[in-house]
Every structure is written in C-alpha cells, then in structure tokens.
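Q: What shape does this take:
(2 chains)
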Amino acid sequence: AQSVTQPDIHITVSEGASLELRCNYSYGATPYLFWYVQSPGQGLQLLLKYFSGDTLVQGIKGFEAEFKRSQSSFNLRKPSVHWSDAAEYFCAVGDDYKLSFGAGTTVTVRA
Amino acid sequence: DSGVTQTPKHLITATGQRVTLRCSPRSGDLSVYWYQQSLDQGLQFLIQYYNGEERAKGNILERFSAQQFPDLHSELNLSSLELGDSALYFCASSQGPFQETQYFGPGTRLLVL
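A: Predicted coordinates for the structure are as follows:
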C-alpha cells in the first residue's frame, strides 16, 4: 500500500527566506504526487501536481516541487516566503481512486 | 474557490444522533470523494462515488454511509455518533473515475458533544 512521510512536523522560517518541505513516498508503480495547502479554518488548496514528464513542476503562489524517483521524494520549495504562506502543507500520493496524505508540515513565518 | 461546495460549514450535535453532510461537486465533475480529517488519524479517505455508483471504499465505518444523486451532489450520513467522530469532513471532486486531480471543498466541521 502506498504511504507518505513528511518528516518535519513544524518549520519556522523568516519572511523572505527560502523554504523547503520534505516528502517521501512509498508506492509500487509510477506515483501521482500532489502538494496541498490548508490555511487555518480553510479547505485544501492544490499547489501543484506531478503525473509524468518534467520532474520539476511549477505550482501556484511561487511554489515548485521536484520529483526524484531514486530518492522516492517530492520536496516542495519556495525561494522567498511571504507571511501569507503560514499554513499547513500536505503531500499526497494518489493511486487508482484515492489520495493518501502525509501527516502535514505546519509552517510558521516570522517577521 | 475550488468550485466544490459543502454544507453546513459547522455542525454541533450530541452522541447517538444522526447527521447528513452535503456536497456539490465542481461543474462537469462526475466523481465525488469523502475524506475525514482528525487530529489523531490525519486525513483519511472514506469513500468514492462516480456518476451515482459507489466505486471505492476506504476506512469508512459501518455507521457511515453515502450516496450520490442523479444531479451528482453527494451526501454523507453519519449515525449513532460518538465523541470520536468529531472531525473535519471534506468532499472532493474530479472529472473521471480514475486518479485525477481532486479539488477539495471547504469542509464541514462536526463536533459531537
């Protein structure tokens, strides 16, 4: 069965600094990979996805992620964080019908 | 705004009661998925419907049931509620029956007292 590990429960970053959130997956076939963001009291918003092709994918809000098959990773990055990026971030792997989510990483942005 | 709507936003009820959560998918989407988000279990897939038919089941309790109607909206019914059922329930939708991008609604927050 597929699974997702997000090793960092909580990350604090200064505004303007770079951000990298780690995601490792376990899946037998070629994975469908997603990053979602959840702001406090809000639903899940899709940031980006990887199905195939170019391993560096661009998303909304200036985020990008890189798929590395050899490391079973799909890390999310942003070069310069804004205060509005404070939220919880979820990595997910999809199989035929469902998404399996990691436990999430909470990002705090300090001024 | 994902285009997926859920009602109500909040629900407070007592143990033993029954509630119904409603979801309308994005225009053109035929698949609806239900997920539960709780502090101890995280985000868990419950069930998927495609064009009115149940397609896949996940960690859904027997006390829970769902259906998708001809107009494609879906309802999740939770009965004999327990304190542990308190959670955020999300609906998501996608175009087809197979793995595609799922777009999530804002969720219904259920509190069982």
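
Q: Which parts of chain A are strands?
A: Ranges of strands in chain A, per DSSP state E, are A:3-5, A:10-14, A:19-21, A:24-26, A:32-38, A:44-50, A:56-58, A:64-68, A:73-78, A:87-94, A:99-101, A:105-110.

Q: For beta bridges, what are the partners of residue B:44?
A: Beta-bridge pairing for residue B:44 (DSSP bridges): residue B:36.

Q: what sits against the spatially most central residue of chain A?
A: In chain A, the residue lying closest to the centroid (CA atoms, centre = their mean) is residue A:35, at 3.8 Å. Counting by CB atoms under 8 Å, 6 or more residues apart in numbering or on different chains, residue A:35 makes contact with A:21, A:23, A:46-49, A:59, A:63, A:65, A:74, A:76, A:89-92. Just so you know, the C-beta spots here come from the backbone N, C-alpha and C atoms, and that holds for glycine as well.

Q: Give the bridge partners for it, please.
A: Beta-bridge partners, per DSSP bridges, of residue A:35: residue A:48, residue A:91.

Q: Look up how far residue A:89 lies from it.
A: 6 Å (CB to CB, to the nearest Å).

Q: Between these two, which contacts overlap?
A: With CB under 8 Å, 6+ apart, residue A:35 and residue A:89 have common neighbours A:21, A:47, A:76.

Q: need the contact list for the last one.
A: So that's residue A:76. Residue A:76 touches A:19, A:20, A:21, A:23, A:35, A:47, A:48, A:63, A:64, A:65, A:89, A:91, counting by CB under 8 Å, 6+ apart.

Q: Neighbour-wise, give me the winner out of those.
A: Ranked by neighbour count (other CB atoms under 10 Å in any protein chain shown), the contacts of residue A:76 have residue A:91 at the top, with 28 neighbours.

Q: wait, doesn't that residue sit right on residue A:31?
A: No. With contact defined as CB atoms under 8 Å, residue A:91 does not count as touching residue A:31 (10.7 Å).

Q: what do these two both touch?
A: A:25, A:74.

Q: Grab the most central residue of chain B for me.
A: So for chain B, CA atoms, centre = their mean, it's residue B:34, sitting 3.3 Å from the centre.

Q: Which residue is the nearest non-sequential neighbour of that residue?
A: residue B:46 (4.2 Å; CB to CB, 6 or more residues apart in numbering or on different chains).

Q: What about the one you found, how many residues nearby?
A: By other CB under 10 Å, neighbour count at residue B:46 equals 21.

Q: which helices and strands does the host helix or strand of it pack with?
A: Taking DSSP states H and E as the criterion, residue B:46 maps to strand B:42-50. For strand B:42-50, the packing partners by 3 or more CB pairs under 8 Å, 6 or more residues apart in numbering or on different chains; DSSP states H and E come out as strand A:99-101, strand B:31-38, strand B:53-57, strand B:64-68, strand B:74-78.

Q: No further questions, thank you.
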